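Novice: Just the structure for this:
(one chain, ligands or ions: 3)
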Amino acid sequence: MKVAVFCSFLFTALARLSLAQYHYQGLMNYLENRMIAMEERIALWHEQTNRYNSDLKEFRQQAADLLEKLGKDHDALKMDLEKAGAKVDRVEREMDYIETRNPPRPCVKADDRMVEQEVVTRERKKDVFFEVSVCMDIISRIRAMKILKRMGSPKGVWTKDARTAKVYVFNGTSENTLYEFGSVRELSASSGTSTGRQITLPFFWNGTGHAVYDGYLYYVSDREVLQVIKYDLRNGSVADTAVLPVEDHTPVYTLNPDTLVDLVAEEEGLWALYPSGDTINLAKMDSDTLDIEQMWDTTCPRENAEAAFVVCGTVYVIYNTKPPSRSRVQCVFDVNDMVTSGEAPLVYFPRRYGAHASLKYNPEEQQLYAWDDGYQILYKLALKKKLWALAPPTDP
Ligand SMILES: *[C@@H]1O[C@H](CO)[C@@H](O)[C@H](O)[C@H]1NC(C)=O
Ligand SMILES: *[C@@H]1O[C@H](CO)[C@@H](O)[C@H](O)[C@H]1NC(C)=O
Ligand SMILES: *[C@@H]1O[C@H](CO)[C@@H](O)[C@H](O)[C@H]1NC(C)=O
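Specialist: Ligands and ions are numbered 1, 2, ... in the order given. Next up, the predicted model:
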């Protein structure tokens with residue numbers, strides 16, 4: 001009798017133990033996987049610290065919940081979990097450290113090349129410039145302007161792929177063709193679009209919000225829903241499409257009623273400026289998948305806005321009047337909160353008769369490709385450093 005009771009007790013105990021082991025193994029695998037995933041993400045450190053932090057919080061919560069479930073009698077397991085917790089703490093501290101050392105901003109990669117060039121001229125300031133972020137330019141004024149050509153309709157886009165150096169011309173505000181030129185010189189020597197390579201797209205484009213980067217065209221097509229289409233210019237295929245979450249079909253800039261969404265493509269990815277109520281919203285998209293990663297309300301009004309461009313994670317919105325007067329940058333929005341409208345100077349464009357249908361910034365050349373009443377104009381920008389970068393706040 002006693003033996004039977006003992007056996008049954010033993011059986012139950014064994015069953016419990018293996019259940020605990022099962023839980024333990026699963027838990028440790030889970031922790032290990034999360035840890036590996038997190039460490040990989042730190043290696044790929046980017047500006048999305050906020051998301052990481054909330055992930056971490058969630059993970060810590062999960063770990064705490066599991067710990068509770070395991071109960072008192074699994075001291076060994078608990079110790080392991082504490083070790084795991086310490087590891088999480090360490091990872092978190094490392095992230096804090098990186099964050100304070102290197103405040104998140106969107107174009108660190110984009111500026112590597114510029115820093116290399118700056119080494120020669122900025123040897124003395126090296127410490128400051130290398131310790132803080134490398135992407136910290138804000139525009140200070142328009143240094144020069146060049147009217148290159150007059151070609152096509154009053155409205156249109158011309159832009160240069162910062163990677164391939166090819167130039168693209170979109171004549172008008174809705175078409176299914178565009179023209180490719182080998183260089184700006186080739187375009188200026190041409191007698192129109194006839195000498196360019198004509199590219200016919202599977203879906204028409206609307207507005208002047210298109211962008212070209214690294215052999216890909218990102219364009220806006222208004223086919224019942226507003227779509228972003230990523231088109232491979234090398235082999236003429238659609239690489240991906242995505243529907244934009246824009247509710248009302250209103251223009252992002254009221255002075256350019258054909259442009260509902262304005263795209264900016266650069267090394268860091270894809271930006272989309274789109275309307276939301278009375279203001280302009282900004283979305284950061286993954287240029288591979290066209291996923292939207294983050295959205296901001298720039299609080300810049302749409303009213304009397306004409307165009308906008310992005311330099312180092314800062315959006316500059318250009319305003320004008322109707323009838324056109326002098327275009328000026330009158331609202332800035334920095335995704336890193338480092339530039340305020342007060343810090344950025346009021347930049348006036350040279351007086352012209354028309355109005356800008358599009359302004360496309362080329363970070364390699366630090367100039368704007370503008371289309372103004374059928375004229376193709378280049379504006380060379382003078383840049384300066386963000387004040388914050390020159391006098392970084394000391395660690396708390
Ligand atoms: C631009 O489009 C307009 C109107 O569609 C057309 O009349 C003109 O010939 C085009 N110009 C070029 C250079 O393609
Ligand atoms: C977009 O372009 C197509 C083709 O030209 C046109 O039918 C359509 O009306 C345009 N959409 C808007 C909103 O202008
Ligand atoms: C075009 O090229 C890309 C990569 O360069 C490839 O993934 C895609 O399949 C190609 N599409 C066609 C239609 O050849």
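Novice: For the stretch 51-200 of the chain, what lies in contact range of ligand 1?
Specialist: Neighbours of ligand 1 within the stretch 51-200 of the chain, by Cβ under 6 Å from any ligand atom: M151, G152, S153, N171, G172, G192, T193. (Each C-beta comes from the backbone N, C-alpha and C, glycine too.)
Novice: which one of those is nearest ligand 2?
Specialist: Comparing these against ligand 2 with Cβ to the nearest ligand atom places G172 closest, at 8.9 Å.
Novice: just to revisit the earlier point, list only those of the residues of the stretch 51-200 of the chain next to ligand 1 flagged as buried.
Specialist: Buried by 16 or more other Cβ atoms under 10 Å: M151, G152, N171, G172, T193, out of these.
Novice: and which of these is nearest to Y375?
Specialist: Lowest distance from Y375 to those (Cβ to Cβ) belongs to M151, with 8.4 Å.
Novice: any idea how far that closest one lies from G172?
Specialist: Here the criterion is Cβ to Cβ, to the nearest Å. By it, M151 lies 12 Å from G172.
Novice: related to what we said a few turns ago, redo the buried ones among the residues of the stretch 51-200 of the chain next to ligand 1 as a markdown table? Include secondary structure.
Specialist: Listed next are those as a markdown table, based on DSSP: H, G, I helix; E, B strand; the rest coil:
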| residue | secondary structure |
| --- | --- |
| M151 | coil |
| G152 | coil |
| N171 | strand |
| G172 | coil |
| T193 | coil |
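Novice: quick one: which of those residues is nearest ligand 3?
Specialist: Using Cβ to the nearest ligand atom, these come closest to ligand 3 at T193, 25.0 Å.
Novice: Enumerate every residue touching that closest one.
Specialist: Counting by Cβ atoms under 8 Å, 6 or more residues apart in numbering, T193 touches M151, G152, V169, N171, Y179.
Novice: same thing but 7 Å
Specialist: By Cβ atoms under 7 Å, 6 or more residues apart in numbering, the contact list for T193 reads V169, N171, Y179.
Novice: Do you know the pLDDT at it?
Specialist: pLDDT, T193: 81.
Novice: got any ranges where the stretch 201-350 of the chain has weak pLDDT?
Specialist: Within the stretch 201-350 of the chain, the stretches with pLDDT under 70 are 341.
Novice: of all of it, which residue lies closest to ligand 2?
Specialist: Across the stretch 201-350 of the chain, the shortest distance to ligand 2 (Cβ to the nearest ligand atom) belongs to N206, at 3.7 Å.
Novice: Just list whatever residues bridge to that residue.
Specialist: Beta bridges link N206 to S174, judged by DSSP bridges.
Novice: try the one 10 residues further on
Specialist: Residues found in beta-bridge contact with Y216 (criterion: DSSP bridges) are Y213, D232.
Novice: Please determine how far it is located from E266.
Specialist: Distance from Y216 to E266, by Cβ to Cβ: 12 Å.
Novice: So for the two, which sits in the more crowded spot?
Specialist: Neighbour count, other Cβ atoms under 10 Å: between Y216 and E266, E266 has more, with 25 against 21.
Novice: Phi, psi for the more buried one please.
Specialist: phi -150, psi -180 (degrees, to the nearest 10).
Novice: okay but it is in contact with V212, surely?
Specialist: No: using Cβ atoms under 7 Å, E266 makes no contact with V212, being 10.7 Å away.
Novice: all helices of the stretch 101-250 of the chain, in order?
Specialist: 112-121, 126-131, 184-189 (DSSP state H, counting those that start in this stretch).
Novice: Which of those helices comes out lowest on mean pLDDT?
Specialist: Comparing mean pLDDT over those, the weakest stretch is helix 126-131, at a mean of 34.
Novice: related to what we said a few turns ago, out of the residues of the stretch 51-200 of the chain next to ligand 1, which is nearest to M285?
Specialist: M285 has its nearest neighbour among these in G172, at 25.4 Å by Cβ to Cβ.
Novice: Can you pull the phi/psi pair for the closest one?
Specialist: phi 90, psi -160.
Novice: thinking it is in contact with S153, fair?
Specialist: Yes: between G172 and S153 there is a contact at 4.5 Å, judged by Cβ under 7 Å.
Novice: Just list whatever residues bridge to the residue minimising distance to the centre of the chain.
Specialist: With distances taken as Cα atoms, centre = their mean, the residue of the chain nearest its centroid is K284 (4.0 Å). Beta-bridge partners recorded for K284 (DSSP bridges): W271, Q294.
Novice: who are the neighbours in contact with it?
Specialist: For K284, the contacting residues are G269, W271, E293, Q294, by Cβ under 7 Å, 6+ apart.
Novice: What subset of the residues you listed is buried?
Specialist: Applying 16+ other Cβ under 10 Å to the contacts of K284, the neighbour count classes G269, W271 as buried.
Novice: Could you list the residues of the stretch 201-350 of the chain in contact with ligand 2?
Specialist: F204, N206, D222.
Novice: Would you quantify the distance from the nearest residue to the first one once chain neighbours are set aside to ligand 1?
Specialist: Sequence neighbours aside, N176 is the residue nearest to F204 in space, at 4.2 Å (criterion: Cβ to Cβ, 6 or more residues apart in numbering). According to Cβ to the nearest ligand atom, to the nearest Å, N176 stands 12 Å off from ligand 1.
Novice: Pull the number of nearby residues for N176.
Specialist: 12.
Novice: For it, give me its contacts.
Specialist: T200, L201, F204.
Novice: what residues are up against K360?
Specialist: Applying Cβ under 7 Å, 6+ apart to K360 gives the contacts V157, T159, F309, L368, Y369.
Novice: so what's Y316 closest to, chain neighbours aside?
Specialist: Nearest to Y316 is V329, by Cβ to Cβ, 6+ apart, at 4.7 Å.
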